[in-house]
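Enquirer: What shape does this take:
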Amino acid sequence: MSPKPDENLAATPFLDFDHPAVAEFARSATAEDASDKDRAVHIYYAVRDTIRYDPYSIDLSVRGMRASTTLQAGHGWCVPKAVLLAACCRAVGIPAKLGFADVRNHLSTERLRQRMKTDIFYWHGYTSIFIDGNWLKATPAFNIELCQKFNLQPLEFDGHQDALFHPYDQSGNKHMEYIRYRGEFSDLPLEKITGTMTRRYGHHRPSPEADFAKEAENENRIAQ
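Expert: Numbering: from 1, shown residues only. Model prediction:
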């Protein structure tokens, strides 16, 4: 059985489950007498569907990447949603880490493709959760409403096996390819992420006027 190292249970400036709002969110999503597996699963769905996925909300400041900031905003991209999931797991005593990979995402929008100049998402984030002696990968990025707009099967997590993005959507079209794993970390490697985004994208500014869900809905309506 793998150890349960202290660094994967501690609060950090990013995984700030000592913030009252994060602690309450984690507590309200679980039952005190539930198993680690059941608590992790319930927290996963709370983060996946309560926090709207928004790739235009990137704020790579320390404050912008905190779990409490994402929770209070009610939206976030894949990395801060993974941070929130990890923080909530730690809040109820379940060890959790942050994992990252570069992925080629075939489900995007024209505006986002123009902004990124590539279909590769660098430092795509997921959460690694310690359950019953095993580290399991869970990706809480796409909320269920967004999956419906993209004709994508929602990613389910059962606490027994990894939950990473499916390679195809419900129509058999390519969705996401993992092209490089960057490892797992006890805390957010913000400087590494910021450096890569600056080199690859040339910017990492938020676009609060953009609406990713509406873009997806409009483009998929036209395609049909």
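
Enquirer: Now residue 11: closest residue in space, sequence neighbours ignored.
Expert: Nearest residue to residue 11, sequence neighbours excluded (C-beta to C-beta, 6 or more residues apart in numbering): residue 18, at 4.5 Å. (Each C-beta comes from the backbone N, C-alpha and C, glycine too.)

Enquirer: Next, work out how far apart the one you found and residue 199 are.
Expert: Taking C-beta to C-beta, to the nearest Å as the measure, residue 18 and residue 199 are separated by 34 Å.

Enquirer: So those two - more neighbours on which side?
Expert: residue 18 (14 against 9; other C-beta atoms under 10 Å).

Enquirer: Am I right that that one sits in a strand?
Expert: No. Residue 18 sits outside any strand when classified using DSSP: H, G, I helix; E, B strand; the rest coil, being coil.

Enquirer: Local confidence estimate at it?
Expert: The confidence metric pLDDT takes the value 96 at residue 18.

Enquirer: That one and residue 73: what is the separation?
Expert: Remark: distance between residue 18 and residue 73 (C-beta to C-beta) = 19 Å.

Enquirer: ok, now residue 44?
Expert: Taking C-beta to C-beta, one finds residue 44 at 19 Å from residue 73.

Enquirer: Now do the helices in this structure.
Expert: Counting by DSSP state H, the chain has these helices, from start to end: 20-28, 36-50, 67-73, 78-91, 110-116, 144-149, 190-201, 212-223.

Enquirer: so which of the ones you listed comes closest to residue 12?
Expert: Nearest to residue 12 among the helices of the chain is helix 78-91; the distance by C-beta to C-beta comes to 8.4 Å.

Enquirer: What is the burial count for residue 158?
Expert: There are 12 residues near residue 158, going by other C-beta under 10 Å.

Enquirer: Oops, could you answer that again for residue 173 instead?
Expert: Residue 173 - counted by other C-beta under 10 Å - has 12 other residues nearby.

Enquirer: One more: residue 108?
Expert: Residue 108 is flanked by 18 other residues according to other C-beta under 10 Å.

Enquirer: Next: residue 139.
Expert: 24.

Enquirer: do you know how far it is from residue 24?
Expert: 24 Å.

Enquirer: Likewise for residue 197?
Expert: 32 Å.

Enquirer: now residue 148
Expert: Taken as C-beta to C-beta, the span from residue 148 to residue 24 is 29 Å.

Enquirer: Compare the two (neighbour count), which wins?
Expert: Set residue 148 next to residue 24 and count neighbours by other C-beta under 10 Å: residue 148 wins out with 15 against 12.

Enquirer: Flag the shaky bits of this protein, pLDDT-wise.
Expert: Within the chain, the segments meeting pLDDT under 70 span 1-5, 106, 203-208, 220-224.

Enquirer: Mind doing that once more with 90?
Expert: 1-7, 31-33, 55-57, 104-119, 146-154, 165-177, 200-224 (pLDDT under 90).
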